[in-house]
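S.K.: coords please:
(chains A and B)
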2 protein chains.
Amino acid sequence: MKEITRQEAAELLKSYDNVAILMHQSPDGDAVGCAYALCTALRRLGKKAQPFCTDPMPSTYSYLTEGYEEQVFEVEKVVSVDLATENLFGKKLSGYCGKVDLCIDHHGSNSGYAACGIIDASAGACAQIVADIIDCMGVTIDPYIADAIFTGITTDTGCFKFSNAKADSFRMAADMIDKGARSVMINRLVFDTKSRERLEAERLALDSMRFYCDGRIATIRVTKEMLRQSGAEESDTEGIASIPRQIAGVQAGITLREKDEGRYKISLRTTDDVDASAICARFGGGGHKAAAGCSIEGTADEVEKQIVQAASEMIESKT
Amino acid sequence: MKEITRQEAAELLKSYDNVAILMHQSPDGDAVGCAYALCTALRRLGKKAQPFCTDPMPSTYSYLTEGYEEQVFEVEKVVSVDLATENLFGKKLSGYCGKVDLCIDHHGSNSGYAACGIIDASAGACAQIVADIIDCMGVTIDPYIADAIFTGITTDTGCFKFSNAKADSFRMAADMIDKGARSVMINRLVFDTKSRERLEAERLALDSMRFYCDGRIATIRVTKEMLRQSGAEESDTEGIASIPRQIAGVQAGITLREKDEGRYKISLRTTDDVDASAICARFGGGGHKAAAGCSIEGTADEVEKQIVQAASEMIESKT
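M.R.: Take a look at the predicted model:
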């Protein structure tokens, strides 16, 4: 993959027409924000463009996606946003493998599958790169694009809480607010709105919480029975993984999510330099230092014992 | 009260010595951040200064308050920060009533109790005004002051979610990060750290949730029994008031908090232009449009019936 600058990407985009913009499967706010912002900018220049995704758009972002004009055309150019590897294209977009002209991404792990691209791992959100490129394209950022870019920044930084929320993320958020982004409405929808089913699933999961290692490890379980009882969907329970680590004194928060055939998906969140990635690597998983995951087979009690044991050893080796 | 500019306030402060800096009772992050930032700036200019508060400093802000040198001196000048009325001085500071030389505040409702002051209701946090004044004083904002100012901004804007989080709040947060503010650590401590007792109280309170008016009203109860069972303190349960409104479709989220002698304190949070302040005014309370409170006597069921009835009427009058 040829690495190019934001200005070069803008020039390329200005030379394109009939552009497909690809998002990763299970799209998050950064993927949706990037795709709709860039698509709108291209259309503003009189080009045909359309965002594509294997999965349907999450309802949370309907303020960006609902009523968005669908353009039908013969695709000439393919651009991917916030998309680290072709594995994440999903079924519907698999036909685009090997055919991406331009990739705009902020994952250091990007596999370099595109003909050319910008991979800027220093950007808190991919939307920050997209905003720069739109600016280089000479397109004015209007309130719609500002909403889309703000959405990308706030979702990828966990409402400006994660370590990727650097000063430039805050400054670009401020610029987007100046250009009309509805920051308060967006943050309320994304971070402070839960379905009744999700709240009920959380309530049930809280009942399962246990503590180990003098309160430095907390576990919580999300079982299929809880989903059934609450009526929640799997995706409703993503936020539960952040609960155990929020407890004062907890250095490793572990969520066990029941999957098929006696298999549990583990989400591990850590603080105080406890290496989540190293703990999960012992079970064939991986991730980041403070957030990682793996899959373990067994009954809930067996799985919990194994992962707690691994986390305990890591915590105790540090003290 | 004589209204002055930030520059004039800076000149006054530079002319002061032996300064008492007053915070309101039950101090929040903005009060603590303002007082410790300003005190540090004054000391940096070689002056004696000390923050004062009726209540002890909340442990959440120990990264600002713990180990902070206590200076003992005969008070010559009195400055108040983030302090709207003398009613909020509390018992220990009551001796300062009528004696405040300079008031720095962002509450439009400020009673004008000081000799002179800056009341800038457009500032998302009072800490933003304090940072401007420190700048005018010619004191460099070091990492400690940056932590204090960032604390004020993020706590008063609910981690940049409330409607007072404007572009300038984001920009000043960015500046503080550049000057060394530990934004990630601070946001984790303030927003993502709960005591085990608090989590247990939340779990119990969730069990009491009820819905009315086609799911547009949700109620939750915090009883003395729940506090006893969970071991939580009253202050641990403040966050619970935000839970009912978070549910999709809920326009009025009501929290009933059991007080002494058959009395309940009501916290009302609303969306979609439902006027919380008008609803609470019917029971002798008040507040803002989206967040208000009142006190009602009776059994839990009686109180719930009354406040739900009032909220229903308000919601139905709008549809």
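
S.K.: between the two ends of stretch A:180-197, how far is it?
M.R.: The first and last residues of stretch A:180-197 sit 33 Å apart, counting by CA to CA, to the nearest Å.

S.K.: right, is that stretch up against chain B?
M.R.: Yes: contact of stretch A:180-197 with chain B (CB under 8 Å from any CB of the partner chain) involves A:S183, A:V184, A:N187, A:R188, A:F191, A:D192, A:T193, A:K194, A:S195, A:R196. C-beta coordinates here come from the backbone N, C-alpha and C atoms, glycine included.

S.K.: what's the nearest residue to the third one if we skip its chain neighbours?
M.R.: Counting by CB to CB, 6 or more residues apart in numbering or on different chains, B:K161 is the residue found nearest to A:N187 once chain neighbours are left out, at 4.5 Å.

S.K.: surely the one you found is in a helix?
M.R.: No: residue state for B:K161 (DSSP: H, G, I helix; E, B strand; the rest coil) corresponds to coil; a helix is not indicated.

S.K.: what's around the residue nearest to A:Y96 when sequence neighbours are not counted, how many residues?
M.R.: Excluding its sequence neighbours, the residue lying closest to A:Y96 (CB to CB, 6+ apart) is A:V78, at 5.6 Å. Number of residues near A:V78 (other CB atoms under 10 Å in any protein chain shown) recorded here: 21.

S.K.: buried set for stretch A:53-61?
M.R.: If you call a residue buried by 16 or more other CB atoms under 10 Å in any protein chain shown, then stretch A:53-61 has these buried ones: A:C53, A:T54, A:M57, A:P58, A:T60, A:Y61.

S.K.: strands paired with the least confident helix or strand in chain A by mean pLDDT, and their directions?
M.R.: Lowest on mean pLDDT, DSSP states H and E among the helices and strands of chain A sits strand A:286-287, with a mean of 80. Looking at strand A:286-287 with DSSP bridges, its partner strands are strand A:291-297 (antiparallel).

S.K.: which one among the buried residues of stretch A:53-61 gets closest to A:G239?
M.R.: Distance to A:G239 across the buried residues of stretch A:53-61 (CB to CB) is lowest for A:T60, with 12.0 Å.

S.K.: pretty sure that closest one is touching A:L189, no?
M.R.: Yes: with contact defined as CB atoms under 8 Å, A:T60 reaches A:L189; the gap is 5.9 Å.

S.K.: helices of the stretch 151-300 of chain A, start to end?
M.R.: Assigned by DSSP state H, counting those that start in this stretch, the stretch 151-300 of chain A shows helices spanning A:167-178, A:183-191, A:196-206, A:224-230, A:276-281, A:300-317.

S.K.: neighbours of A:A125, just the number please.
M.R.: A:A125 has 29 neighbours, counted by other CB under 10 Å.

S.K.: from chain B, how far off is A:G138?
M.R.: From A:G138 across to chain B, the span is 23 Å (CB to the nearest CB, to the nearest Å).

S.K.: can you tell me the SS state at that residue?
M.R.: Secondary structure for A:G138, judged by three-state DSSP, is coil.

S.K.: please list all residues in contact with it.
M.R.: By CB atoms under 8 Å, 6 or more residues apart in numbering or on different chains, A:G138 lies in contact with A:A10.

S.K.: make it 6 Å
M.R.: Taking CB atoms under 6 Å, 6 or more residues apart in numbering or on different chains, we find A:G138 in contact with no residue.

S.K.: repeat for A:I119
M.R.: Per CB under 6 Å, 6+ apart, neighbours of A:I119: A:D105, A:N110.

S.K.: next: A:I315.
M.R.: A:I315 sits next to A:R216, A:Q251, A:V274 when contact means CB under 6 Å, 6+ apart.

S.K.: gap between it and A:T271?
M.R.: Computed as CB to CB, to the nearest Å, the A:I315 to A:T271 distance reads 11 Å.

S.K.: check A:E238 too.
M.R.: 19 Å.

S.K.: settle it for me: which of these two has more neighbours?
M.R.: Shown here are A:E238 and A:T271; by other CB under 10 Å, A:T271 has more neighbours (19 against 15).

S.K.: picking that back up, just the buried residues of the contacts of A:I315.
M.R.: The buried subset of those - by 16+ other CB under 10 Å - is A:R216, A:Q251, A:V274.

S.K.: in a markdown table: the residues you listed, plus distance to B:T154 and pLDDT.
M.R.: What follows is the buried ones among the contacts of A:I315, written out as a markdown table (distance: CB to CB, whole Å; pLDDT from 0 to 100):
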| residue | distance to B:T154 | pLDDT |
| --- | --- | --- |
| A:R216 | 26 | 96 |
| A:Q251 | 23 | 94 |
| A:V274 | 25 | 92 |
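
S.K.: of those residues, list those near chain B.
M.R.: With the criterion set as CB under 6 Å from any CB of the partner chain, no member of these is near chain B.

S.K.: need the distance between the two termini of stretch A:135-150.
M.R.: End-to-end distance for stretch A:135-150, by CA to CA: 15 Å.

S.K.: what sits up against the least confident helix or strand of chain A?
M.R.: Counting by CB under 6 Å, 6+ apart, residues outside strand A:286-287 touching it are A:S277, A:C280, A:G293.

S.K.: ok, now which ones touch the last one?
M.R.: Neighbouring residues of A:G293 by CB under 6 Å, 6+ apart: A:I266, A:S267, A:C280, A:G285, A:G287.

S.K.: kindly recompute the last result at 10 Å.
M.R.: By CB atoms under 10 Å, 6 or more residues apart in numbering or on different chains, the residues touching A:G293 are A:241, A:255, A:257, A:265-269, A:276-277, A:280, A:283, A:285-287.

S.K.: select only the buried ones of the residues you listed in PyMOL?
M.R.: Buried residues within the contacts of A:G293, by 16+ other CB under 10 Å, are selected in PyMOL with:
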select buried, chain A and resi 241+255+257+265+266+267+268+269+276+277+280+283+285+287
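
S.K.: farthest-apart pair in the contacts of A:G293, please.
M.R.: Greatest spatial distance among the contacts of A:G293 (CB to CB): A:R257 and A:S277, at 18.5 Å.

S.K.: now stretch A:69-87, how far from the centre of its chain.
M.R.: Remark: stretch A:69-87 is offset 18 Å from the chain centroid, using CA atoms, centre = their mean, to the nearest Å.

S.K.: if anything else comes up later, I'll come back, but that's it for now.
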